[in-house]
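Student: Next comes the sequence, and after it the predicted model I'd like to discuss.
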Amino acid sequence: DGGITQSPKYLFRKEGQNVTLSCEQNLNHDAMYWYRQDPGQGLRLIYYSQIVNDFQKGDIAEGYSVSREKKESFPLTVTSAQKNPTAFYLCASSTYRQGKGNNSPLHFGNGTRLTVT
Amino acid sequence: KQEVTQIPAALSVPEGENLVLNCSFTDSAIYNLQWFRQDPGKGLTSLLLIQSSQREQTSGRLNASLDKSSGRSTLYIAASQPGDSATYLCAGTPAQGGSEKLVFGKGTKLTVNP
């Protein structure tokens, strides 16, 4: 079955350590996204990528980094510079139609819950 | 800045009831709109996507509509079932943006009691 796989489901780290969250998709989607979800808030976009070897900052990119070396993979690194890293992180993907806006549904993984102490 | 309000924040109904969830945007210029379902501790599942040329979409017991003049959308759930219990989120794309511009509401938590 096609889908998005995020791993691990739960992640615990000490403050000051960098940590990388994995996101893999086999939907052949061009575009991939990382969101952060906090209690009582809507999803906020961290980074997105519309094509391999290219990515753009979202609304809250500070303290995060990404890479897009393969179409299927879009890992997110939470660095020690991120002041409030404890959150639920969601990866998503979609097709992308240049020139008409992206009017295809987003497909989400099941998320990684990161706890930093 | 575009903001999305979902009303009510939480809703509890008996099984079998028809219900309506509401979503409104501060800027009514919405290109397309999606409704999602989120189960506890899980990711979001896309339910319905209303494209720029459409006004509503239906899937089974779900019907979503979008009034572009007011920037309001409703999700209608017919004959609710306990399995419908989840948080429902709406998200809209501004007229000049792709999915990277999606703005999400905070969701309505629905509980359907047997």
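Tutor: Nice, thanks for sending it over.
Student: avg pLDDT for stretch B:41-49?
Tutor: Averaged across stretch B:41-49, pLDDT comes to 95.
Student: hmm, it touching chain A?
Tutor: Yes: Stretch B:41-49 lies within reach of chain A by CB under 8 Å from any CB of the partner chain, at B:41-46, B:49. Glycine gets a C-beta too; all of them are placed from N, C-alpha and C.
Student: Would you indicate which residues of that stretch are buried?
Tutor: B:42-44, B:46-49 (16 or more other CB atoms under 10 Å in any protein chain shown).
Student: Give me the neighbour count for residue A:53.
Tutor: 10 (other CB atoms under 10 Å in any protein chain shown).
Student: Return the residues in contact with it.
Tutor: With CB atoms under 8 Å, 6 or more residues apart in numbering or on different chains as the criterion, the residues that contact residue A:53 are A:68-69.
Student: From residue B:17, how far off is it?
Tutor: Residue A:53 is 51 Å from residue B:17, where distance means CB to CB, to the nearest Å.
Student: hmm, back to that, nearest to residue B:24, of the residues of stretch B:41-49 next to chain A?
Tutor: For the residues of stretch B:41-49 next to chain A, the residue nearest residue B:24 by CB to CB is residue B:49; the value is 18.3 Å.
Student: what's the helix or strand for that closest one?
Tutor: In this assignment (DSSP states H and E), residue B:49 forms part of strand B:44-50.
Student: Partner strands of that strand and their direction?
Tutor: Based on DSSP bridges, the pairing partners of strand B:44-50 within the sheet are strand B:30-38 (antiparallel).
Student: what residue ranges in chain B score low on pLDDT?
Tutor: Within chain B, the stretches with pLDDT under 70 are B:97.
Student: and it, which residues reach chain A?
Tutor: B:4, B:31-32, B:34, B:36, B:41-46, B:49, B:51-52, B:89, B:91, B:93, B:96-100, B:102-107.
Student: Going by neighbour count, which of those residues are buried?
Tutor: Among those, those classed as buried by 16+ other CB under 10 Å are B:4, B:31-32, B:34, B:36, B:42-44, B:46, B:49, B:89, B:91, B:93, B:97-100, B:102-107.
Student: and residue A:68, what is it in contact with?
Tutor: Residue A:68 makes contact with A:32, A:49, A:51-55, A:74 under the criterion CB under 8 Å, 6+ apart.
Student: Just the buried ones out of those, please.
Tutor: Among the contacts of residue A:68, those classed as buried by 16+ other CB under 10 Å are A:32, A:49, A:55, A:74.
Student: ok, and of these, which contact chain B?
Tutor: Okay, of the buried ones among the contacts of residue A:68, nothing touches chain B (CB under 8 Å from any CB).
Student: if we take those, which one ends up nearest to residue B:10?
Tutor: Nearest to residue B:10 among the buried ones among the contacts of residue A:68 is residue A:32, at 31.8 Å by CB to CB.
Student: what element comes up after the helix or strand harbouring the closest one heading to the C-terminus?
Tutor: Per DSSP H and E: residue A:32 is located in strand A:31-37. Downstream of strand A:31-37, the next assigned helix or strand under DSSP H and E is strand A:44-51.
Student: buried stuff in that following strand?
Tutor: So for strand A:44-51, counting by 16+ other CB under 10 Å, buried means A:44-50.
Student: can you redo those as JSON lines with distance to residue A:82 and pLDDT?
Tutor: JSON lines is the format used below for the buried residues of strand A:44-51 (distance: CB to CB, whole Å; pLDDT from 0 to 100):
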{"residue": "A:44", "distance to residue A:82": "13", "pLDDT": "95"}
{"residue": "A:45", "distance to residue A:82": "15", "pLDDT": "95"}
{"residue": "A:46", "distance to residue A:82": "10", "pLDDT": "97"}
{"residue": "A:47", "distance to residue A:82": "12", "pLDDT": "97"}
{"residue": "A:48", "distance to residue A:82": "18", "pLDDT": "95"}
{"residue": "A:49", "distance to residue A:82": "19", "pLDDT": "95"}
{"residue": "A:50", "distance to residue A:82": "24", "pLDDT": "91"}
